[in-house]
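J.: Show me the folded form of this:
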Amino acid sequence: MTDTQPPLPPRSDPRRRTAALIARLCPGEGFAMTALDGVMTMRANGSLERMPTLYEPSVCIVAQGRKRGFHGGRTYVYDAQHFLALAVPLPFESETEATPEEPLLGLALRVEPQLTAELALALDEARGPAPQPPLTMMATPMDEGLSDATLRLCEALSSPLEARLLAPAIYREILYRVLTSEQGGALRAALTQGGQFGRIARSLRRIHAHYDSELDVASLAGEANMSVPAFHSHFKAVTHTSPIQYLKSIRLHQARLLMIRNGHTAASAAIRVGYASASQFSREFKRLFGNSPAEEARRLQQVLSLSQPLSFAQD
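T.: Alright, predicted model coming up:
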């Protein structure tokens, strides 16, 4: 850290201290990688209107500001009092409340499937299977234990040595606390259930990992051991959209990120995500985002940018 940084708020004010630490880790607008793989910081210096977005399976914790997610006719508020958790890759719509004086500051923690499933299974063995039905997306109140773990993670990420030695254990603790939170049972059910939900979740992960490949509904249904009509029905129950629309949305979101973060042109991004026709790509892109590819890339160049971890002085 440099001597020009303002002093951190005391630990007796954990929310403000967490926000201040995130502000140091993410001084510019957008997303910043941290020293721990799977954890990113995020910052928005102003409000953002409702727009399509895509989250991987993740836990989103906001220390300052407010975001709202919209999916399946429901609104999910995540702010300093609530975190957002997603069990599967999910396109939805979101809006952000922030000002230059009080920017939105938060963490996005990727839900590592194997680790999270191991924790969920261990909890089910100790407590019995979760009684709640599985949910793909939930906004849940932050409790004292999760708030404290989040603060400790931000403190650890501010030190090269602690980021290497302490942060992985705190990340695991945060996943544990999410799985034991008010709606944690529904998330555990989503991660461990072997029925129709589990089969659709595996299909979603396959689409998310191989969106640039030739994927067809009949093959996905066969892999899920379902008829095509049953697959359509269960898929829509989980995602509130059809398999084809879901694949299209994933491709368009990934193309937008390629243009914003990697400098691709619309034509090269279209090819990279699996489009054979540049004109079809442009039409469908504008239909989803309301702007042409070039306009959308310019508009979101800062708020969706991704920067490398900051270099800190060695301990």
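J.: so how far is Arg298 from Leu84?
T.: Plainly put, Leu84 is 28 Å away from Arg298 if you go by CB to CB, to the nearest Å. (C-beta placed from N, C-alpha, C; glycine too.)
J.: Which one of these two is surrounded by more residues?
T.: Relative neighbour count places Leu84 above the other of Leu84 and Arg298, with 24 against 12, counting by other CB atoms under 10 Å.
J.: Give me the longest helix you can find in the protein.
T.: Among the elements of the chain assigned as helix by DSSP state H, the one spanning the most residues is helix 243-262.
J.: List the buried residues of that helix.
T.: Along helix 243-262, these residues count as buried under the neighbour rule (16 or more other CB atoms under 10 Å): 243, 246-261.
J.: And stretch 266-285, by the same measure?
T.: Using 16+ other CB under 10 Å as the test for burial, stretch 266-285 gives Ala266, Ala269, Ala270, Ile271, Val273, Gly274, Tyr275, Ala278, Phe281, Ser282, Glu284, Phe285.
J.: Which members of those residues are positioned in helices?
T.: When DSSP H is applied, these are split such that Ala266, Ala269, Ala270, Ile271, Ala278, Phe281, Ser282, Glu284, Phe285 fall in helices.
J.: Tell me how far the longest helix of the chain lies from the chain's centre.
T.: Computed by CA atoms, centre = their mean, to the nearest Å, the separation of helix 243-262 from the middle of its chain amounts to 15 Å.
J.: Which other helices and strands does it contact?
T.: If you count contacts as 3 or more CB pairs under 8 Å, 6 or more residues apart in numbering; DSSP states H and E, helix 243-262 packs onto strand 48-55, strand 90-97, helix 196-209, helix 217-223, helix 228-239, helix 266-272, helix 278-289, helix 293-299.
J.: what's around Leu215, how many residues?
T.: Taking other CB under 10 Å as the neighbour definition, Leu215 ends up with a count of 18.
J.: I'd like to know which helix or strand in the protein has the lowest mean pLDDT.
T.: helix 184-192 (a mean of 82; mean pLDDT, DSSP states H and E).
J.: got the contact list for that one?
T.: Applying CB atoms under 8 Å, 6 or more residues apart in numbering, the set of residues contacting helix 184-192 from outside is 85, 87-88, 113, 116-117, 120-121, 123-124, 129-136, 138, 140, 178-179, 197-198, 201.
J.: so is Tyr78 in a helix, a strand, or just coil?
T.: When the structure is reduced to helix, strand and coil (DSSP: H, G, I helix; E, B strand; the rest coil), Tyr78 reads as strand.
J.: Many thanks, we can stop here.
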